[in-house]
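Enquirer: this one's sequence-less:
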């Protein structure tokens, strides 16, 4: 089935640790995104990538890093510099046609312990 | 900067009835897209409906329709014949242009459907 797969679904991070959230898509989409969602709030853009080996910061990129070595993959690393990382993280990709709609993965919960 | 405002943090509707969720946005652009996404308890964001600003006709998808008032910068979602499965958070979103990567989301409206 075509879609966007995020893993793990739940992740716990200790203070000072870096953790990486995986995002894989088999939709052949060029553009991919990472959003953060805090309770009671909408989504905020962390990073996006238009094509392989290129990515741009969104509104809240501090404390996060990404890579885009393959079209299908756009992993997000939450570094120890991110002081408040507990949140729900959503990966998305965008169709090049049909209104350029953004489609989302199922999300990953990150909790600091 | 473009902003999206959903003024109703919570709404409720009786099963089989109709409910309208409000959304306003602020932009000086003429080319943009508007979206409604549904987020059920599973937390996955699901596209409900999309509207291109250049189209005068309101978008419709089965029981879901929008009232797009471009001059008023209003984009409300109407859900007809509400079902229990419609219970979710609903987010209004705005994106400038066809290839722009900056999509702005409202804070969401939590819809409860009463049996």
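Expert: All right, it came through fine. This is a predicted model, so every value here is computed, not measured.
Enquirer: from what I can see residue B:38 touches residue B:61, true?
Expert: No - assessed by CB atoms under 8 Å, residue B:38 is found out of contact with residue B:61, at 11.3 Å. No exception for glycine: its C-beta is placed from N, CA and C like everyone else's.
Enquirer: Please report phi then psi for residue B:18.
Expert: phi -110, psi 140 (degrees, to the nearest 10).
Enquirer: ditto for residue B:85
Expert: Residue torsions, per degrees, to the nearest 10, at residue B:85 are phi -70, psi -10.
Enquirer: Of all the residues in chain B, which one is nearest chain A?
Expert: Distance from chain A to each residue of chain B (CB to the nearest CB) is smallest for residue B:105, at 3.5 Å.
Enquirer: quick one: contacts for the closest residue to that residue other than its chain neighbours?
Expert: Among residues not flanking residue B:105 along the chain, residue A:42 sits closest, at 3.5 Å (CB to CB, 6 or more residues apart in numbering or on different chains). Applying CB atoms under 8 Å, 6 or more residues apart in numbering or on different chains to residue A:42 gives the contacts B:4, B:91, B:105-108.
Enquirer: Same check on residue B:6?
Expert: By CB under 8 Å, 6+ apart, the contact list for residue B:6 reads B:21-23, B:90-92, B:106-109.
Enquirer: so what's it scoring on pLDDT?
Expert: Predicted confidence (pLDDT) for residue B:6: 96.
Enquirer: measure it to residue B:58 for me?
Expert: As for residue B:6, its distance to residue B:58 is 18 Å (criterion: CB to CB, to the nearest Å).
Enquirer: which one is residue B:74 nearest to, not counting chain neighbours?
Expert: Take residue B:74 and drop its neighbours on the chain: the residue closest to it by CB to CB, 6+ apart is residue B:24, 5.3 Å away.
Enquirer: Quick check, the one you found in contact with residue B:69.
Expert: No - no contact is recorded between residue B:24 and residue B:69 when judged using CB under 8 Å, the distance being 9.3 Å.
Enquirer: So between these two, which is more surrounded?
Expert: residue B:24 (17 against 12; other CB atoms under 10 Å in any protein chain shown).
Enquirer: how about stretch B:73-86: buried residues?
Expert: Under the neighbour-count criterion of 16 or more other CB atoms under 10 Å in any protein chain shown, stretch B:73-86 has B:73, B:75-79, B:82, B:86 buried.
Enquirer: And stretch A:79-91, by the same measure?
Expert: Judged by neighbour count using 16+ other CB under 10 Å, the buried positions of stretch A:79-91 are A:82, A:85, A:87-91.
Enquirer: where does chain B dip in pLDDT?
Expert: Scanning chain B for pLDDT under 70 picks out the ranges B:1-2, B:98-99.
Enquirer: contacting residues for the spatially most central residue of it?
Expert: If you average the C-alpha coordinates of chain B and look for the closest C-alpha using CA atoms, centre = their mean, you land on residue B:36, 3.2 Å from that point. Going by CB under 8 Å, 6+ apart, residue B:36 touches B:21, B:23, B:47-49, B:64, B:66, B:75, B:77, B:90-93.
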